[in-house]
Structure formats: C-alpha cells, structure tokens
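Participant: I'll drop the sequence and a predicted model, then ask my questions.
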Amino acid sequence: MALKKGTKAPDFSLPATGNKNISLSKNLEGKALIIYFYPKDFTNVCTAEACEFRDYFEDFRELSIPILGISRDDIATHEKFKKANRLPFDLLSDVHGKVCKAYDALIPLIKMPKRITYLLNEKHEIEASFSEMFEAKGHIQNMLKKLNSKN
C-alpha cells in the first residue's frame, strides 16, 4: 500500500549515479519530483519501466519535474544499467532498503522493492502514487495525467 496523498515524504540521502549523493531535503528543496521504486536492474519489466521514463523524460523536464529511480542494487550495477539504457536521470542505491521501507515500497518477506511511483509536490508531500508490480507503462501515464490535470 502506498503512502497516502498529502503525507509528507520521508527525507532521505542516498548514493546516486554520477558519483553523487542525493538528499531530498537538500538537493531537491522546493522542487516537485517523481520518485519511482523498482525491484532490480536489468530485469525485463524494470528495464521497460526505466526506458519508458527515458522516452518521456522531456515531458517531465518541460514541467521542471526531476525523476529519480530507487532500487536496492548497488551503484556499480546502477551505472551499468543507466549506461546500457541511456537513462538521462539518476538512479539511487538503497542497498539496505531503509528508504524503500519508509516509502512503503518494500515487500516484507523477501525485502525486494515494490514497483511504485510517487509524485511529490514542491513541499515534498505525496501528490499522487501508482503501484503496479507487473506493468511498466501505467506508472508514466498516471504521473503525466496527474501533472497535466494540474496545469
């Protein structure tokens, strides 16, 4: 179950591709953004989802909405995945699953991230969420629909 609309998004600081560390409260203060959680780099549905975000990246950029992908994969794997799929956004490594858990994006028994996407507003409150474990396309379409309905 996703975090409820209007809930303050949990703050985090995680290592990211490009030899960075990204903090929600410091690096993205005052910015609306998309955070999507996914199970594993280089799996079929996760690759399709990442590529779908890549293909719609300009739509989000025109709206000044950064995209961040988070999984439990390590940075080295994220770097390979990002390069192999020409992803124009950062991937964050939550190796221990603490951020996934805080966002209710962790499957309890197997400790694997769920496929869940959040739209955060400028105050970092949950504006919308979409969760569909086995489908990639619905995540992007739902977020774009929500963003376009606001404008």
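Facilitator: That came through, no problem.
Participant: quick one: the helices in this structure?
Facilitator: Using DSSP state H, the helices found in the chain span residues 24-27, 44-55, 57-62, 75-85, 98-102, 137-150.
Participant: can you flag the weakest of those by average pLDDT?
Facilitator: Ranked by mean pLDDT, these bottom out at helix 137-150, with a mean of 68.
Participant: not counting sequence-adjacent ones, nearest residue to the residue positioned nearest the centre of the chain?
Facilitator: Most central in the chain under C-alpha atoms, centre = their mean is residue 36, positioned 2.0 Å from the mean C-alpha point. Distance criterion C-beta to C-beta, 6 or more residues apart in numbering; nearest residue to residue 36, sequence neighbours excluded, is residue 117 at 4.2 Å. Heads up, the C-betas are built off the backbone N, CA and C, glycines and all.
Participant: what about the helices of the chain, which gets the closest to residue 10?
Facilitator: Nearest of the helices of the chain to residue 10, taken as C-beta to C-beta: helix 98-102 at 3.9 Å.
Participant: coming back round to it: if I look at the residue nearest to the centre of the chain, how far off is residue 141?
Facilitator: Going from residue 36 to residue 141 by C-beta to C-beta, to the nearest Å gives 13 Å.
Participant: also residue 72?
Facilitator: 26 Å.
Participant: tell me which of the two has more neighbours.
Facilitator: residue 72 (21 against 12; other C-beta atoms under 10 Å).
Participant: my read is that that one contacts residue 99, right?
Facilitator: No: with contact defined as C-beta atoms under 8 Å, residue 72 and residue 99 do not form a contacting pair (9.5 Å).
Participant: neighbours of the closest residue to residue 10 other than its chain neighbours, how many?
Facilitator: Nearest residue to residue 10 in three dimensions, chain neighbours excluded: residue 102, at 3.9 Å (C-beta to C-beta, 6+ apart). Burial of residue 102 is recorded as 15 neighbouring residues (other C-beta under 10 Å).
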